[in-house]
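>>> Return a 3D structure for these sequence lines:
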Amino acid sequence: MTLKEIADSVELLAQAWRSGTRIEGLSALPSSVSEAHAIQDQVAAVLGETVGAFKASAPPGLTPTRGLIYARMIRRSPARISPVETPDLGVEGEIAFRFIRDLPAQAKPYGRAEVAGAAAVLPAIEVVSSRFHDPRARPPLEQLADCMINGALVTGSEIYDWSHLDIAHLHVALLVNDKPVLERQGGHPTDDPLGVAVALVNMMRDAGGVKAGQIVTTGSWTGLRWLRSGDRCAVQFENLGSAEVLFDG
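The predicted model follows:
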């Protein structure tokens, strides 16, 4: 992408955030993960948004990616979110980590033990929503430029001493309107939630690092489900806790 194409994409997405309207797509497609990340960062700067969390993905053998989650779109469970804020109403049950101390920029990659020692673990619901009319039809790098089509993050209670938990293989249940729609043992896309958190920290090493209080959510255990206005959704992780959101108002 040229600098002008990046600037045009930033303006399109920023205006969609400001107005709550949808766009068909960007005027030009990002050609790399770094371009899509740059668009995210510039949109946040133009809007004056504080980054409170990240969604991250680190599939084996592929370039890891991250999506910014604005602080104002992070809600404590039990949460109530208006469908006006997140009109697509997609939900994913996830395990997230909140950093309890800064992990600043540095040349050397961070290791698993360092990241684990700097983070509490918590259940979360990622609310999937987009600035595009038909987000799932957009190319992956275009979705990435739109913060990986993130709408909001609902967070449950944190556990600080979680070394006893086998966090890759917990039992998970997803309930919609109090009815179970999924139950299984495990289900993380890479069987390694902590590995995704480590990847996020290392992605941010040349972008100022991560700050105490920021959160990373690490991938869906429950698949992506589309709900309707008035629906209530809860995710429950055995020995970890739950998070709940009501789409209303």
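>>> where does this protein have low pLDDT?
Where the chain drops to pLDDT under 70, the residues are 249.
>>> what does the longest helix anywhere in the chain contact?
In the chain, taking DSSP state H as the definition, the longest helix is helix 3-19. The contact list for helix 3-19, computed with Cβ atoms under 8 Å, 6 or more residues apart in numbering, reads 1, 21-23, 26-28, 30, 35, 38-39, 42-43, 46-47, 131, 145-146. Yep, even glycine has a C-beta here, placed from its N, CA and C like the rest.
>>> Filter the residues you listed down to the buried ones.
For the contacts of helix 3-19, a burial check counting by 16 or more other Cβ atoms under 10 Å picks out 1, 23, 26, 30, 35, 38-39, 42-43, 46, 131, 145-146.
>>> Filter the contacts of helix 3-19 down to just the ones in helices.
Per DSSP H, the subset of the contacts of helix 3-19 in helices is 35, 38-39, 42-43, 46-47, 145.
>>> any idea how far the residue nearest the centre of the chain is from residue 180?
Nearest to the mean C-alpha position of the chain, counting by Cα atoms, centre = their mean, stands residue 55 at 2.7 Å. From residue 55 across to residue 180, the span is 25 Å (Cβ to Cβ, to the nearest Å).
>>> Would you map the strands across the protein?
For the chain, applying DSSP state E gives strands covering 51-57, 65-70, 74-76, 79-81, 90-99, 119-128, 150-155, 171-176, 179-185, 215-220, 225-226, 232-237, 241-247.
>>> Columns distance to residue 161 on top of these, output as TSV?
Shown next, in TSV, are the strands of the chain (distance: least, Cβ to Cβ, whole Å):
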stretch	distance to residue 161
strand 51-57	22
strand 65-70	26
strand 74-76	21
strand 79-81	26
strand 90-99	14
strand 119-128	9
strand 150-155	18
strand 171-176	20
strand 179-185	23
strand 215-220	18
strand 225-226	32
strand 232-237	16
strand 241-247	14
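>>> Indicate which one of these is closest to residue 192.
Closest to residue 192 of those, according to Cβ to Cβ: strand 215-220, at 8.5 Å.
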